[in-house]
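S.K.: Quick one, fold the following:
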Amino acid sequence: MHYYTINDVADMMHVHRHTVYDWIQSGRLESARPNGTKKHLITAASLMAFQQRQRPKLVEISVTASTDVAGFFADQIKSERNLKCSVSPGK
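M.R.: Numbering: from 1, shown residues only. Sure, this is the predicted structure:
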């Protein structure tokens, strides 16, 4: 079985190692400490489970307004991450 260190996970997730330690301390990321050592080791399965739980949810927004206003909102909404927008012109 392959194990990752806190530094390995920090590099892969593009965060500081203290952030990974906080995830472990809060119980969000499971780790093992073999033979009573202070070194935390993270399995690939534990890391994958953590990543699945961290995925942002898709937010869907629907706008009904005049064409100009709807177009403005659509551009603004689509520029945001993980947002889906549908535009229906109003009256």
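S.K.: burial of residue 15, as a residue count?
M.R.: For residue 15, the neighbour count with other CB atoms under 10 Å is 13. Where C-beta positions appear, they are placed from N, C-alpha and C, glycine not excepted.
S.K.: One more: residue 34?
M.R.: 9.
S.K.: For it, which non-adjacent residue is closest in space?
M.R.: Nearest residue to residue 34, sequence neighbours excluded (CB to CB, 6 or more residues apart in numbering): residue 41, at 6.5 Å.
S.K.: now the helices for the protein?
M.R.: 6-13, 17-25, 44-54, 67-78 (DSSP state H).
S.K.: quick one: buried residues of the third one?
M.R.: If I follow you right, that is helix 44-54. Of all the residues in helix 44-54, those buried under the rule 16 or more other CB atoms under 10 Å are 46-47, 50.
S.K.: got the contact list for stretch 10-24?
M.R.: For stretch 10-24, the surrounding residues in contact (CB atoms under 8 Å, 6 or more residues apart in numbering) are 4, 6-7, 9, 29-31, 40, 42, 47, 50.
S.K.: With adjacent residues omitted, what lies nearest to residue 33?
M.R.: Closest to residue 33 by CB to CB, 6+ apart is residue 40, at 6.0 Å.
S.K.: need the contact list for the one you found.
M.R.: Counting by CB under 8 Å, 6+ apart, the residues that residue 40 touches are 5-6, 21, 24, 31-33.
S.K.: Widest-spaced pair of the residues you listed?
M.R.: 21 and 32 (14.4 Å; CB to CB).
S.K.: Please save the CA atoms from stretch 15-29 in PDB.
M.R.: Extracted C-alpha coordinates of stretch 15-29, given in PDB (Å, rounded to 0.1, in the frame of the first residue of the first chain):
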ATOM      1  CA  VAL A  15      -2.100  24.200  -0.100                       C
ATOM      2  CA  HIS A  16       0.300  24.700   2.900                       C
ATOM      3  CA  ARG A  17       1.200  21.700   4.900                       C
ATOM      4  CA  HIS A  18      -0.500  23.300   8.000                       C
ATOM      5  CA  THR A  19      -3.800  23.200   6.000                       C
ATOM      6  CA  VAL A  20      -3.400  19.400   5.500                       C
ATOM      7  CA  TYR A  21      -2.600  19.000   9.200                       C
ATOM      8  CA  ASP A  22      -5.800  20.900  10.000                       C
ATOM      9  CA  TRP A  23      -7.800  18.600   7.800                       C
ATOM     10  CA  ILE A  24      -6.400  15.600   9.600                       C
ATOM     11  CA  GLN A  25      -7.000  17.200  13.100                       C
ATOM     12  CA  SER A  26     -10.600  18.100  12.200                       C
ATOM     13  CA  GLY A  27     -11.300  14.500  11.000                       C
ATOM     14  CA  ARG A  28     -11.900  15.500   7.400                       C
ATOM     15  CA  LEU A  29      -8.800  13.600   6.100                       C
END
